[in-house]
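*Asks:* fold the following for me, if possible:
(one chain, ligands or ions: 1)
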Amino acid sequence: MKIAIMGAMPEEIEPLLSYMNDIKSYELADNRYYEAKYKGIDVVLAYSKIGKVFASLTASVMIQHFKAQKLLFSGVAGAINENLKIGDLIAATKLCQHDLDITAFGHPYGYVPEGKVYIESDKELLFLAKNIAKTKGIDLKEGIIATGDQFIADPKKKEWIKNTFSADALEMEGAAVAVVCDAFDIPFFILRAISDAADMDAGFDFDKFLEKSSKISADFIISMLDEMV
Ligand code: ADE
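*Replies:* Numbers count the residues shown, from 1 in each chain. Next up, the predicted model:
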């Protein structure tokens, strides 16, 4: 069993690398991939760079080239749901693309023909995560994550995403990874720790909390690996 662990930014992947052994580094398709071992498990790690296109490329390479059989994503997100505070963990139950728009042709937001608005996360990985959270007394929230190629720092836009997709959090890669994993039939789990509230202060908060929230997410991913050993 080989497990892919993905982030979008160096800050999201560096804390995970520090737990790995036998790290080998590869350059492929203009990105760096790390093959490593974690307590005997084969792992491939990479940060994709920001956004849906880079995320799709990295997820595809991890599955097609590195033969990953499951994919775990670790990173940060902006909160939509008011119950989500900075540092809180949210696992995606399903994901959608908030910036996908061919409504001019009568389709709903987030939909293109032969696609679907929401892609559901793997139930077993979600179940595992919830059990770990319960055992460790961690308040892991679950909800809908909306993805788009925009950093949202605007209460109106955030409200629109909330009302259109019933989303609880937003970020810039998750749904792209979900589309790729769904197409290749690879179970996936998208975990995010909140870095900001996608409001006027989002840019400032993101910079302030990126490192800390990334570490919170990474530590939870490590506890999942511990259970998968
Ligand atoms: N990731 C973390 N915060 C975000 C925001 N406000 N918009 C988009 N992606 C994010």
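
*Asks:* the ligand contacts on this protein?
*Replies:* By CB under 6 Å from any ligand atom, the part of the chain that sits against the ligand consists of 76-78, 151-153, 170-172, 195-196, 198, 202, 206. C-beta: built from backbone N, CA, C; applies to glycine.

*Asks:* next one: stretch 73-92 to chain centre, how far?
*Replies:* The chain centre lies 10 Å from the centre of stretch 73-92; the measure is CA atoms, centre = their mean, to the nearest Å.

*Asks:* where does this protein get nearest to the ligand, residue-wise?
*Replies:* Gly78 (3.0 Å; CB to the nearest ligand atom).

*Asks:* can you tell me the helix or strand for that residue?
*Replies:* According to DSSP states H and E, Gly78 maps onto strand 70-79.

*Asks:* what is that strand packed up against?
*Replies:* Strand 70-79 sits against strand 2-7, helix 10-17, helix 52-64, strand 169-171, helix 174-184, strand 188-196, helix 202-228, with contacts defined as 3 or more CB pairs under 8 Å, 6 or more residues apart in numbering; DSSP states H and E.

*Asks:* reformat those as CSV; add distance to Tyr38, mean neighbour count and mean pLDDT.
*Replies:* Conversion of the helices and strands packed on strand 70-79 to CSV gives the following (distance: least, CB to CB, whole Å; neighbours: other CB atoms under 10 Å; pLDDT from 0 to 100):
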stretch, distance to Tyr38, mean neighbour count, mean pLDDT
strand 2-7, 8, 24, 98
helix 10-17, 9, 20, 98
helix 52-64, 15, 21, 98
strand 169-171, 24, 28, 99
helix 174-184, 20, 24, 98
strand 188-196, 16, 27, 99
helix 202-228, 5, 18, 98
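
*Asks:* closest to Tyr111 out of the ones you listed?
*Replies:* Closest to Tyr111 of the helices and strands packed on strand 70-79, according to CB to CB: helix 174-184, at 12.1 Å.

*Asks:* which residues sit against that closest one?
*Replies:* 6, 51-53, 55-56, 59-60, 63-64, 71, 73, 77, 92, 94-97, 115, 119, 121, 145-147, 186-188, 190, 192 (CB atoms under 8 Å, 6 or more residues apart in numbering).

*Asks:* can you give me the angle the helix or strand hosting Tyr33 makes with strand 2-7?
*Replies:* Using DSSP H and E, Tyr33 sits in strand 31-38. Strand 31-38 and strand 2-7 meet at an angle of 130 degrees, taking axes from the mean of the first three to the mean of the last three CA atoms, to 10 degrees as the criterion.

*Asks:* what pLDDT, on average, does the next helix or strand after strand 31-38 get?
*Replies:* For strand 31-38, the following helix or strand on the C-terminal side (DSSP H and E) is strand 41-47. Averaged across strand 41-47, the pLDDT comes to 98.

*Asks:* what's next to strand 41-47, contact-wise?
*Replies:* 1-10, 12-13, 16-17, 20, 31-37, 58, 61-62, 66, 68, 225, 228-229.

*Asks:* again, only using 7 Å
*Replies:* Outside strand 41-47, the residues within contact range by CB atoms under 7 Å, 6 or more residues apart in numbering are 1-10, 12-13, 16-17, 20, 31-37, 58, 62, 66, 68, 225, 228-229.

*Asks:* repeat for stretch 150-160
*Replies:* Gly78, Ile80, Asp99, Leu170, Ala198, Asp199, Met200, Ala202, Gly203.
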